[in-house]
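Student: only geometry, no sequence info:
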C-alpha cells in the first residue's frame, strides 16, 4: 500500500476482508501498470533534461541532487543488499 500498511491493516481500517483488499489492490495495480495508462501518464526523464528550477535554486537540495536522474516525488522503493555489500549501505536511507 502507499501508506506502508499491510493488507490486514487496510482491511481492518476499511472493514473489508483481506481477500477483497487484495483483489481490488491487484486490479488498481494492473490498471496503473497497463500499457495504455503507463505510456500516457508516465514520463521518464531524458538524459539531456535540465535540472528543474526548484532543485537548482534550493541550496538544501542542489548540492545533493545535482547529478541524479529521476523524480523527486516521495517515491520509496524497498530494497535489500546482499550480506557482502551490507556494510556499504548501513544507516543510509
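Tutor: That came through, no problem. From a predicted model like this one, the values you see are computed outputs, not experimental measurements.
Student: List the contacts of whatever helix or strand residue 24 lives in.
Tutor: In the assignment (DSSP states H and E), residue 24 maps to helix 18-33. Contact partners of helix 18-33, identified using CB atoms under 8 Å, 6 or more residues apart in numbering, comprise 1, 7, 8, 10, 11, 14, 37, 38. For glycine as for every other residue, the C-beta is placed from the backbone atoms N, C-alpha and C.
Student: 7 Å - rerun?
Tutor: 7, 8, 10, 11, 37 (CB atoms under 7 Å, 6 or more residues apart in numbering).
Student: Now compare the residues you listed and name the two farthest from each other.
Tutor: In those, two members sit farther apart than any others by CB to CB. They are 8 and 37, at 27.8 Å.
Student: Helices of the protein, start to end?
Tutor: 7-14, 18-33, 35-41, 53-56, 62-65 (DSSP state H).
Student: average pLDDT across stretch 48-65?
Tutor: Confidence for stretch 48-65, expressed as mean pLDDT, is 78.
Student: Report the buried residues of it.
Tutor: If you call a residue buried by 16 or more other CB atoms under 10 Å, then stretch 48-65 has these buried ones: residue 51.
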